[in-house]
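S.K.: Fold the following, please.
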Amino acid sequence: MIKNTGIGLRHQHLQQVIDEEPDVDWFEVHSENFFYDNFATYQLEQIADKYPLSLHGIGLSLGSVDALNQQHLQNLKNAIARFKPDLVSDHLSWSNVDNHYLNGLLPLPYTQGALNNFIDKVKQTQDFLGRKILIENPSSYLCFKESTIPEWEFFAALPSLSGCGLLLDVNNVFVSCFNHNYQANDYLNSIDIDDVLEIHLAGYTEKILEKGKILIDDHSKRVSNEVWDLYQTTLSKIGNKPTLIEWDSDIPDLSILLNEAQKAQEYLSERQSA
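M.R.: Model prediction:
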């Protein structure tokens, strides 16, 4: 059972985890990296025998108006049967249109039509997989003029309308709030605490543009002090939730990821003992 803190497991650390069995509660992997038989899937099977797993996808494209990719769904279902993850998740985003696939998690216009489409795709996915999935809130850098629903209300509405759970990425909340002048409390106050089944923490990069600074959610650094502060606020509002450290580029030694996970665990332990 997933609890406390985990880390995002990347290929360069698979064998080290097998050899050293580090003191961490669980691991999360990108689903699409383990769809096919190869040495990495064999390594992950060994890890799954000793640690709880979460499968985190980037390819369902649930916000697209295209039909769901049935082969992708079947590959995901096969991976679930193989690795038996406690949690399965994807994103509030889209990445394909007219059978053209884009290398990115693209934002949605927050309209009633987009919400209806997203809910329908989540229901179809859950029916096919035979289980609940989690949806992660986005990090975003632009807004659509057509949007009529605040992002946090769109996100918070998903569980009651589709039966899904929420994966609350605290770094994404911080990044989007900075970029669009949202208020983090609007996000946190809109969410039913029982809907959140996992939290993500990660690092961001600052980028200076002509019109000012934006934050990029690139998962290439330690969690910032500001995001740790928001994490504490989040725990005070929604309670302790399984928390993952994400790090997807400029990946450091495993010891650094474990250190970040230990820091998250200290916040969870402090709140539990308070």
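
S.K.: what sits against Trp94?
M.R.: Residues in contact with Trp94 (Cβ atoms under 8 Å, 6 or more residues apart in numbering) are Ser61, Leu62, Gly63, Ser64, Leu106, Leu108. Placement of C-beta: from N, CA and C, glycine included.

S.K.: same thing but at 7 Å, please
M.R.: Trp94 is in contact with Ser61, Gly63, Ser64, Leu106, Leu108, counting by Cβ atoms under 7 Å, 6 or more residues apart in numbering.

S.K.: thought the first one was touching Asn96?
M.R.: Looking back up the chat, that one is Ser61. Yes - if you go by Cβ atoms under 7 Å, Ser61 and Asn96 touch, sitting 4.7 Å apart.

S.K.: where in the stretch 151-274 of the chain is pLDDT low?
M.R.: For the stretch 151-274 of the chain, applying pLDDT under 70 flags the ranges 273-274.

S.K.: all helices of it, in order?
M.R.: 151-162, 170-180, 184-190, 225-238, 254-273 (DSSP state H, counting those that start in this stretch).

S.K.: any idea how far the first one is from the chain center?
M.R.: For helix 151-162, the separation from the chain centroid amounts to 15 Å (computed by Cα atoms, centre = their mean, to the nearest Å).

S.K.: Can you name every helix or strand that that helix contacts?
M.R.: Under the contact definition 3 or more Cβ pairs under 7 Å, 6 or more residues apart in numbering; DSSP states H and E, helix 151-162 sits against helix 112-129, strand 165-169, helix 184-190.

S.K.: Glu32 is nearest to which of the ones you listed?
M.R.: Of all the helices and strands packed on helix 151-162, it is helix 112-129 that lies closest to Glu32, at 14.6 Å by Cβ to Cβ.

S.K.: And that closest one, what's buried?
M.R.: By 16 or more other Cβ atoms under 10 Å, the buried positions in helix 112-129 come out as Ala114, Leu115, Asn117, Phe118, Ile119, Lys121, Val122, Thr125, Gln126, Leu129.

S.K.: which outside residues touch that helix?
M.R.: Outside helix 112-129, the residues within contact range by Cβ under 7 Å, 6+ apart are 60, 62-63, 65, 68, 73, 76-77, 80, 108, 132-133, 135, 149, 154, 157-158, 161-164.

S.K.: Please repeat the previous calculation with a cut-off of 6 Å.
M.R.: Contacting residues not belonging to helix 112-129 are listed as Leu62, Gly63, Leu68, Leu73, Lys77, Leu108, Ile133, Leu161, Ser162, Cys164 [Cβ atoms under 6 Å, 6 or more residues apart in numbering].

S.K.: Among those residues, which one lies nearest to Ile214?
M.R.: Using Cβ to Cβ, Leu108 is the member of these that lies nearest Ile214, at 19.0 Å.

S.K.: Correct me if wrong: Tyr231 contacts Val170.
M.R.: Yes - Tyr231 is within contact range of Val170, at 5.1 Å (criterion: Cβ atoms under 6 Å).

S.K.: Tell me which of those two has more neighbours.
M.R.: Using other Cβ atoms under 10 Å, the more surrounded residue of Tyr231 and Val170 is Val170, with 26 against 22.

S.K.: my read: the more buried one touches Leu230, true?
M.R.: Yes - counting by Cβ under 6 Å, Val170 does reach Leu230; the two are 5.4 Å apart.

S.K.: quick one, which of Ser61 and Asn96 is more surrounded?
M.R.: Looking at Ser61 and Asn96 with other Cβ under 10 Å, you find the greater number of neighbours at Ser61, namely 24 against 18.
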